[in-house]
Every structure is written in structure tokens, then in C-alpha cells.
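[1] Kindly return the folded structure for what I paste below:
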Amino acid sequence: MVKNLLLQLALWFAFMAALLFGAAGTLHWVAAWWFLLEWAVLGLWLGLWLARHDPALLTERLKPIVQPQQSRWDQIFMAYVGVVWIGWLILMGLDAGRFHWSSMPGWLNGLGALGMFVCIYACRSVFRANSFAAPVVKIQSERGHTVSDTGPYAYVRHPMYASALPFLVGTPLLLGSWWGLACVPLLVAGIGYRAVREERMLAEQLEGYAAYAARVRYRFVPYIW
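    Numbers count the residues shown, from 1 in each chain. Below is the predicted model of the structure:
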């Protein structure tokens, strides 16, 4: 399992590097190297933590983003996510790496790095509270899927998506791309759509979820939404 983790991290690192540096037209883009290094180190840290504390969840999270048991609408959604993610990275490579349309102060780059760290650290709290936090929308009957309502789930219904918000903001800040940052509201709207669709399915198919959703009012951010 750890070998699979290392292989996937290496492949993702190479894939994102190819997109960023290919779009930038140069390897001399310091911010992109920092982004990739932080992503790799934090991803390895979280993956090894999961391998020790919840290997079953790590196995789930290493599966493809499109799976047979997955809801049909989520299969389509995740396919679009892949396309959008690629386009987003290419846009930021063109912006900050090749044409230098954006100019961003260094302290914002540092804030972006902090946002990425906050995301991964928060994800650990999510994984500790919910052993069923798979990357796709499905009911994991074979694993005895139950509602999670402790830890961050006591405050918001989708703490994983909430954890993604500082990552989505932090990535273009670290890379120094205002155009990338301008896309963030659309990305947030996308995960908001997925959260609503996911809740409908869980309320219908997962025992106790409707009562949980009635008890915990907010999806992403307390007192906001």
C-alpha cells in the first residue's frame, strides 16, 4: 500500500510539473517548484499518517476518481473536475510562468503556502473523524458505512470541502497568478454543487444522515453556508 502511495505521488508530481512547466515554457519558475515540493511533502506526510492510523481509508483514497460503484452524476462531475484542474494549472503556468501577466508581492506567495498547509492539516482531522471519506460519492456498504458526526463534522457537514477552500485560494497565491485566483469562485461553486447532490444521495441511502443534516445546519462555514 505504501508503495502504491509513493507511486501515485510520484506520478502526480510528474504530471503537475509537466503541466505547469510546459505552460510556463521554462523550468526556471521558483514558485512552481515550491508549490510542487510543498504538495509532495504534505501529501507524503498525510499518506503515511493514514497508512499507520487508517489503512482502509488510504486504500479507498488511492482508488481512481471514477469507479463502478460511484453515483453516475458524480462520475460525470469528476471527469469534468479532471479537465478543469488541468486547464487551471495550464492557465496559471501561462499567466505567472510564461507571459507574466500577474505581479504579486512575496507575502501573498507565503500566504498561499500557508493555505496549502492548513488544507492538508485540516484533512487529517477529517480523516481521523471519518473513515469513510472516500474521494468519490458512494455508499460503502461493504465497510459498514455510518454517519460521522464527531470532530469537524460536529460543526459543518462537509469539512473536507471546507478544507479545500484554503488550498484553492492558496495555490494561485503561491504560484503568483491573479488569473488563477479569479477562477476560484467558479471552483468553489462546483464543490458547492457536488455537496448539495451528495447530501441528497446520503439522505436517501445512508441511515441517520437526514437527522444529522437537520442537526448540523451548515455545509462549509459556520454561520455562512
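
[2] What's the local residue count around Val136?
    Neighbour count for Val136, taken as other Cβ atoms under 10 Å: 19. (C-beta placed from N, C-alpha, C; glycine too.)

[3] swap in the one 5 residues further on?
    Taking other Cβ under 10 Å as the criterion, the count of residues near Ser141 is 10.

[4] Surely Leu36 is in contact with Ala14?
    No. Here Leu36 lies out of contact with Ala14, judged by Cβ atoms under 8 Å, at a distance of 9.6 Å.

[5] Give the residue from these two that has the larger number of neighbours.
    Set Leu36 next to Ala14 and count neighbours by other Cβ under 10 Å: Leu36 wins out with 17 against 11.

[6] quick one: average confidence on the strand or helix carrying the more buried one?
    Assigned by DSSP states H and E, Leu36 belongs to helix 30-53. Averaged across helix 30-53, the pLDDT comes to 96.

[7] now do stretch 146-162
    According to the model, stretch 146-162 has a mean pLDDT of 95.

[8] hmm, back to that, and the helix or strand just after the helix holding Leu36, what other elements does it pack with?
    Using DSSP H and E, the next helix or strand after helix 30-53 towards the C-terminus is helix 55-61. Other helices and strands packing on helix 55-61, by 3 or more Cβ pairs under 8 Å, 6 or more residues apart in numbering; DSSP states H and E, are helix 30-53.

[9] Name the residues of the helix it packs on that are buried.
    31-32, 34-36, 38-40, 42-43, 46-47, 50-51 (16 or more other Cβ atoms under 10 Å).
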